[in-house]
Structure formats: structure tokens, C-alpha cells
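**Q** My questions concern the predicted model and sequence given below.
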Amino acid sequence: MARTPPDGKSAKAGTRKPAKAAKPGAAAVVGAELAKPAGSALARSAKPEQPSAPAKSPALDLGVLRERIDSVDRAIQDLIAERARYAGQVGKAKGKLAAAVDYYRPEREAQVLRRVVDRNEGPLQDEVLVRLFREIMSACLAQQEPLKIGYLGPEGTHTQQAVYKHFGHSIHAMPLGSIEEVFQEVEAGNADFGVVPVENSTQGTIQSTLDMFLTSKARICGEVELRIHQHLLSRSGRIEDIERVYAHPQSFAQCKAWLRQYLPKAEKIAVGSNAEGCKRARTADDAAAIAGASAGPVYGLQRVAGPIEDRPDNTTRFLVLGRELFPPSGNDRTSLLVFINDQPGALHHVLEPFARHGLSMNRIESRPGHTGLWQYAFFIDVSGHSEEAAMREALRDLGAYATQVKVLGSYPVAIV
Ligand SMILES: O=C(O)C(=O)C[C@]1(C(=O)O)C=C[C@@H](O)C=C1
């Protein structure tokens, strides 16, 4: 019944942007662009032991290269410790604050990570370096106390991956049962921040997330973009055993062509979440589930095939929910909720002020406003921050036509 799939991994490879070419000698100096305060780890690491000449044989290379690596590792470790001490002092400089959430500065983190990308000359990808620096900042912040992050669970979901991508691993991650619960826990202060999916490049908007903003007081203070790779998981790991596949309808839609080609006769059973599908698949050898790779170990399932999504650029955008607005980072996006009455030219009046003030609109979506018959709510994403002059003027002009304008948040544009 099943056909043998090709190795999905190699079929989907090659979507990342190539690293910038390295400048000659760039990799040999640790932190060369920084000032080197006397006695700092940087000063101590300024002269790693240099091999006098390039090694001739591979056997000689290995020993010498490992010594170089050991010396660089010592310098990196000293520098990380030094950074953590400075971050601790920054924490003290902020005064005696109530909780970890008060120390968190997303705009500063975005600036740090953008600099990492700007400085990158390879050989590592921007994405890899950003991940490493994100973890360092996450650990530095957790010196105060780890942030509590609520997310659309259960464990092993793509939303959990988005949490770690945005906040690093030095946090307390709280899987929650629904999008509504994530909003509630953030509003109630039980979670410092929350992470929920809002749109998928293949499947479009997640309406239940947008609709929560009609009534919730939660603000948007970040966005995360995650390339979504779907995998077919089963207890035995053998495609020839599979008679049934469980998945969330969105995941089925993302893998339609693959399923048609390799499992044309298997029954497709839609469930509320991919995690629910995994739970069902682990009870029978003839069942499989579609989920992210990280779900495999969580539910004791093996990878049958993957990635199996039809579009290699399949990406989901997640929102970071909080309770307050943060200052500009220099490259921000603003999300607005605009209520208008259904009248001639209404949409034009909503769009026009942004164009007039030179702000580009990234997205507009209309939903029934729940405020009265034929009243509409527009969810609008615009480039810029609500504290910037052009945005303030556009919002003032828009206010003349709208029944209500709510700034849901101004936040740093997602970094790689
Ligand atoms: O610059 C700050 O305000 C810090 O607290 C330091 C630091 C960092 O490690 O760079 C840590 C946590 C904040 O969220 C932002 C940055």
C-alpha cells in the first residue's frame, strides 16, 4: 500500500542563505573589534597560541588544531563569564525590580542580535550565531530569575520550538491547553509572556488567535518566524505498516502531495492537535502521526519520513504576548486593531494615512468586530514603531475615521 519515500532531508535542503565570505584572517582573532580592558578575558585571550607554520600532515594537524580549539574555548568561556558579570551589573543598575519580567528588554536583545548578524563573516550561518547569542542572553537574564513563558502546548509542538527560538532555553516553559489559556495566563500575570501561532505561509491566518485581541488586554511584544518541517512518525518506523495517519487539519493540508504520493490508501484522521495524533499513534503499529521532529522522543515514536511538507518554505509566524509596550529597537513592526462602521470608502480611509506618512503596510485582515451588526475590525501590521513621529501622525489621522484604534503592540521585526 505504501511507496518508499526518497530521503526527504536531501530533497528539502538548500533553502538557507549562504554565509558571507570570510575576510582573510578573520577567524583567528577573538573579539578583535572590541576594546580590551586591562585584565579582562578579552585581553587575556588576545594572543592565542599560534602554530608557527601550517601543519604538513593531517596527523600533525589534528593535535595542533585541537590545542588551538582548546585555547579558543578557554577564551570563549572567560568572555561568557565576563559578559554574564556585566549583565548582572546591568540588572543591578536597573534598581531593585519586582520580577524577571521587569529586567527583560526585547528591544535591546534585538539590537544585540542584529549586530551579531551584521558582523557575521562566516563560516557559521547567521541563524546559528543568533541561536548561540540568544542562549547566552537567555542565561544572562536568568541570573535574575528565569522568565515564565506560557505557550500553546503540549510539549514537542512547533510553538514550543518558537518559544526556545525567541527566549533561549534558560526559561521556565509552561505548556498550556489552548490559545485562549495562553492569553488568560499572560493577562493574569501567571506567565510573564505567552507564545501563540498567528499565521502560516501555506495555510493563512489562525483566526482564533486574532479574535482573542477583540476582547483581551494582552499586548504584542514580539514575533517569531519558524520554518516548519513536518515528519511522519510511528511506533515501528516502517512505512509499510501504516494504515492510518493522524494529524491536525493544517498539517494534512501542508503535506497533501506527499501523502497522495506515498500513502495514497491510508486513512487520514483529523485530530485537534498533532500532539493528540502522536498520542493515538503510539498505541498501534499500523498508525502514524504527522508532527515536528521534536515530538518523536516526547511520544516514543520513530521517524518514518521527513521533512514531508509540500512547500520547502513552509513557515509559521508566532506572536509573543505580554502586558506592556516596549521602546523602539530601530526596526519594528506595529500591529493595530481598527474598528470602523461599514460605509462607503471606509477601507480607503483606513489605508490612506499610512501611505501618506510613508509607512508600509505588511498585512491587513478584516474580521466581524463583535461590536454591532456590520461593524468590522481590521487587523493591520505596519512597519515602524508607535512612538515614532510618522506612525503617531498616521494614527492621529486614522482616528478621525475609525470608531476605535487599538495599538496591539510595537515590537522588533523577527531576526532570522
Ligand atoms: O541590556 C540589558 O538591559 C540587559 O539586561 C542585558 C541583556 C543581555 O544579556 O544583553 C539581558 C537581558 C535583557 O533582556 C537584555 C539584554
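**A** Nice, thanks for sending it over.
**Q** For the residue in the stretch 201-350 of the chain positioned nearest to the ligand, give me its contacts.
**A** When you check the stretch 201-350 of the chain against the ligand by Cβ to the nearest ligand atom, the closest residue turns out to be F326, at 10.0 Å. Just so you know, the C-beta spots here come from the backbone N, C-alpha and C atoms, and that holds for glycine as well. Applying Cβ atoms under 8 Å, 6 or more residues apart in numbering to F326 gives the contacts R105, P106, E107, C221, S410, Y411.
**Q** Among those residues, which are located in helices?
**A** Cross-referencing the contacts of F326 against helices under DSSP state H gives P106, E107.
**Q** Mind putting the contacts of F326 into JSON lines with neighbour count, pLDDT and distance to D118?
**A** Below are those laid out as JSON lines (neighbours: other Cβ atoms under 10 Å; pLDDT from 0 to 100; distance: Cβ to Cβ, whole Å):
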{"residue": "R105", "neighbour count": "17", "pLDDT": "94", "distance to D118": "19"}
{"residue": "P106", "neighbour count": "19", "pLDDT": "96", "distance to D118": "19"}
{"residue": "E107", "neighbour count": "19", "pLDDT": "97", "distance to D118": "17"}
{"residue": "C221", "neighbour count": "22", "pLDDT": "96", "distance to D118": "23"}
{"residue": "S410", "neighbour count": "26", "pLDDT": "98", "distance to D118": "22"}
{"residue": "Y411", "neighbour count": "26", "pLDDT": "98", "distance to D118": "20"}
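**Q** Quick one: the contacts of F326 as a markdown table, columns for distance to the ligand too.
**A** Listed next are these as a markdown table, based on distance: Cβ to the nearest ligand atom, whole Å:
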| residue | distance to the ligand |
| --- | --- |
| R105 | 4 |
| P106 | 7 |
| E107 | 9 |
| C221 | 11 |
| S410 | 17 |
| Y411 | 13 |
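**Q** A strand includes the residue of the stretch 201-350 of the chain closest to the ligand, no?
**A** No. When the secondary structure is assigned by DSSP: H, G, I helix; E, B strand; the rest coil, F326 falls in coil instead of a strand.
**Q** what about the helix or strand L79 falls within, near the ligand?
**A** Taking DSSP states H and E as the criterion, L79 maps to helix 58-93. Yes. Helix 58-93 lies in contact with the ligand when judged by Cβ under 6 Å from any ligand atom; the contacting residues are A87, V90, G91.
**Q** Buried residues in that helix, which are they?
**A** The neighbour-count criterion (16 or more other Cβ atoms under 10 Å) identifies S71, A75, D78, L79, R83, A84, A87, G91 as the buried residues of helix 58-93.
**Q** what's the lowest-pLDDT member of those residues?
**A** Note: of these, the lowest pLDDT belongs to G91, at 86.
**Q** my read: that residue touches E145, true?
**A** No. Counting by Cβ atoms under 8 Å, E145 is not a contact partner of G91; they are 10.0 Å apart.
**Q** Residue numbers of the stretch 251-400 of the chain in contact with the ligand?
**A** Close to the ligand, as judged by Cβ under 6 Å from any ligand atom, the stretch 251-400 of the chain has no residues.
**Q** just the helices in the stretch 251-400 of the chain please.
**A** Ranges of helices in the stretch 251-400 of the chain, per DSSP state H, counting those that start in this stretch, are 256-262, 274-281, 295-299, 346-356, 389-399.
**Q** quick one: the third one to chain centroid distance?
**A** Distance of helix 295-299 from the chain centroid (Cα atoms, centre = their mean, to the nearest Å) equals 20 Å.
**Q** Dump the contacts of F326 to TSV, plus distance to V298.
**A** Written out in TSV, the entries for the contacts of F326 read as follows (distance: Cβ to Cβ, whole Å):
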residue	distance to V298
R105	32
P106	28
E107	34
C221	28
S410	35
Y411	30
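**Q** tell me the domain ranges of this protein?
**A** Using automatic domain parsing, the domain ranges for the chain come out as 58-143, 146-228+314-323, 231-313, 332-412.
**Q** What mean pLDDT does the third one get?
**A** To tie it back to what came earlier, the one meant is domain 231-313. The average pLDDT within domain 231-313 is 94.
**Q** circling back to that earlier point, which helices and strands sit right next to the helix holding L79?
**A** Helices and strands in packing contact with helix 58-93 are listed as helix 41-44, helix 126-142; criterion 3 or more Cβ pairs under 8 Å, 6 or more residues apart in numbering; DSSP states H and E.
**Q** try 10 Å
**A** Applying 3 or more Cβ pairs under 10 Å, 6 or more residues apart in numbering; DSSP states H and E, one finds that helix 58-93 contacts helix 41-44, helix 100-103, helix 126-142.
**Q** what angle do it and helix 126-142 make?
**A** 40 degrees (axes from the mean of the first three to the mean of the last three Cα atoms, to 10 degrees).
**Q** Contacts only, for the residue of the stretch 151-300 of the chain at minimum distance from the ligand.
**A** The minimum distance from the stretch 151-300 of the chain to the ligand, using Cβ to the nearest ligand atom, falls at F167 (9.6 Å). The contact partners of F167, by Cβ atoms under 10 Å, 6 or more residues apart in numbering, come to 104, 106, 109, 134-135, 137-138, 141-142, 146-147, 149, 151, 173, 192-193, 195, 222, 224, 320.
**Q** what does V195 give?
**A** When contacts are counted by Cβ under 10 Å, 6+ apart, V195 touches 149-152, 159-167, 173, 176, 182, 186, 222-224, 318-321.
**Q** Leaving out chain neighbours, which residue sits closest to it?
**A** Distances taken as Cβ to Cβ, 6 or more residues apart in numbering put Y151 closest to V195, at 4.3 Å, once the chain neighbours are dropped.
**Q** just T371 next, same as before
**A** For T371, ignoring the flanking residues on the chain, the nearest one in space by Cβ to Cβ, 6+ apart is F339 at 6.1 Å.
**Q** quick one: that neighbour and D211, what's the gap?
**A** According to Cβ to Cβ, to the nearest Å, F339 and D211 sit 14 Å apart.
**Q** Find the residues that touch each one of these two.
**A** Between them, F339 and D211 share the neighbouring residues H370, A377, with contact defined by Cβ under 10 Å, 6+ apart.
**Q** residues contacting the closest residue to the ligand within the stretch 51-200 of the chain?
**A** Closest contact between the stretch 51-200 of the chain and the ligand, by Cβ to the nearest ligand atom, is at C140 (3.6 Å). Applying Cβ under 10 Å, 6+ apart, we find C140 in contact with I80, R83, A84, R85, Y86, A87, G88, V90, G91, Y103, G168, S170.
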